[in-house]
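Q: Pasting the sequence and the predicted model now:
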Amino acid sequence: MNAETSFRYLTFSLDADGIANVMLNRPPANAIDRDMYIEIAALFADPDVMGDVKAIVLGAEGRFFCAGNDLDEFATMTPDNGAERMWRVREAFFAIQGCPVPVIGAVHGAALGSGLAIAASCDFVVASPDARFGLPELTVGVMGGAARLARVGAQPVVRRMFFTGEAIEARQLVDWGGAMFLFEGDGLIDEARRLARRVASFSPTAVRLAKGILNRVENMELQPGYAFEQGFTVRMSGHPDSKEALRAFAEKRPAEYAPRNPQWAIEA
């Protein structure tokens, strides 16, 4: 699917290089409700509905990246209906993190609560220096978000942000050791797309294999994790793209990779 199309709350397009642009689009602040969580989960769990996707840039329309969960849904949440609603939330975050291709977050404006969690579910984030991140859960009487923030920030940072509910600028978060990349000036989406094109220049089979490996080793101990990676170095040596990458590097030319082989994916 090469033409631009849309769900109700997501717009997306795929270019000739295999880069998908996915934009949150629920005015006025991209606050997320149950239906939007379902759309996010569906698209990122199966990005190939867009075509032959090699990498995804996840951004947002409007002034904000995402101002958080739709508060009307919190107002109607009860112990009886809450479990299903929270499952929908987890399903969306896990789909982004588990997406079979790399997802690069492009964050501007406010990324609060669920917005912060969406950003932290990406493989990495490029942010405007004045983007603001926060976990205002306690201010609205709920929990959640801290485990997602812990992917990009140390525990004292997570706890300060959670217990105070104060939003901080991306520049401050980076100064506190936050693992994201600031981009000065205009063209945030273009910068994320530049990085995505770099990803897309490698073997599509190897990139998807690497995404599965990185997701698996993230929570493994160092030694078994490294051994797990090495096992796939051995396996990848039998794929023609491996030798083509070596030849292209030696000959200082662009590589010509084979079409993606779905059999090389790692099961979650």
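A: Great, that's in hand. Numbering: from 1, shown residues only.

Q: where exactly do the strands run in the stretch 151-268 of the chain?
A: 168-169, 181-182 (DSSP state E, counting those that start in this stretch).

Q: and of the ones you listed, who's closest to Gly225?
A: Relative to Gly225, the nearest member of the strands of the stretch 151-268 of the chain by CB to CB is strand 181-182, separated by 23.8 Å. Backbone N, C-alpha and C define where each C-beta goes, glycine included.

Q: and the gap between Leu58 and Arg216?
A: Remark: distance between Leu58 and Arg216 (CB to CB, to the nearest Å) = 22 Å.

Q: Looking at these two, which is more packed in?
A: Taking neighbours as other CB atoms under 10 Å, Leu58 and Arg216 compare with Leu58 leading, 29 against 16.

Q: show me the contacts for the more buried one.
A: Leu58 makes contacts with Val22, Met23, Leu24, Ile96, Val103, Ile104, Gly105, Ala106, Ile118, Cys122, as judged by CB atoms under 8 Å, 6 or more residues apart in numbering.

Q: That one: what secondary structure?
A: Secondary structure state of Leu58, per DSSP: H, G, I helix; E, B strand; the rest coil, is strand.

Q: bridging residues for it?
A: Val22, Gly105 (DSSP bridges).

Q: and the residue nearest to Gly144 when sequence neighbours are not counted, what pLDDT?
A: Spatial nearest neighbour of Gly144, excluding adjacent residues (CB to CB, 6 or more residues apart in numbering): Glu137 at 5.8 Å. With respect to pLDDT, Glu137 scores 88.

Q: okay, now Glu137: neighbour count?
A: Using other CB under 10 Å, Glu137 has 21 neighbouring residues.

Q: Check the gap between it and Ala75 for me.
A: On the measure of CB to CB, Glu137 and Ala75 end up 15 Å apart.

Q: And Phe7, by the same measure?
A: From Phe7 to Ala75 the distance is 25 Å (CB to CB).

Q: what about the two, which has more around it?
A: Set Phe7 next to Ala75 and count neighbours by other CB under 10 Å: Phe7 wins out with 16 against 9.

Q: Can you name the helix or strand that the nearest residue to the more buried one once chain neighbours are set aside falls in?
A: Nearest residue to Phe7, sequence neighbours excluded (CB to CB, 6+ apart): Glu39, at 4.5 Å. If you go by DSSP states H and E, Glu39 is part of helix 34-45.

Q: Show the model's pLDDT score for Glu267.
A: So, for Glu267, pLDDT stands at 59.

Q: Verify the stated contact: Ala200 with Ile19.
A: Yes: look at Ala200 against Ile19 with CB atoms under 8 Å: they come within range, at 5.9 Å.

Q: overlap in contacts of these two?
A: The contact lists of Ala200 and Ile19 share Lys54, Ala55, where a contact means CB under 8 Å, 6+ apart.

Q: okay, these two: which has more neighbours?
A: Ile19 (23 against 19).

Q: and the residue nearest to Ala67 when sequence neighbours are not counted, how many neighbours does it have?
A: Nearest non-adjacent residue to Ala67, counting by CB to CB, 6+ apart: Ala29, 3.7 Å away. Using other CB under 10 Å, Ala29 has 20 neighbouring residues.

Q: Look up how far Ala45 lies from the residue nearest to Phe7.
A: From Glu39 to Ala45 the distance is 11 Å (CB to CB).

Q: who has more neighbours, the two?
A: Ranked by neighbour count (other CB under 10 Å), Glu39 and Ala45 place Glu39 first, with 19 against 16.

Q: The more buried one reaches Val22, doesn't it?
A: No: applying CB under 8 Å as the test, Glu39 and Val22 come out as separate, 10.2 Å apart.

Q: Please identify every residue contacting each of those two.
A: In contact with both Glu39 and Val22: Leu10, using CB under 8 Å, 6+ apart.

Q: Sounds good, over and out.
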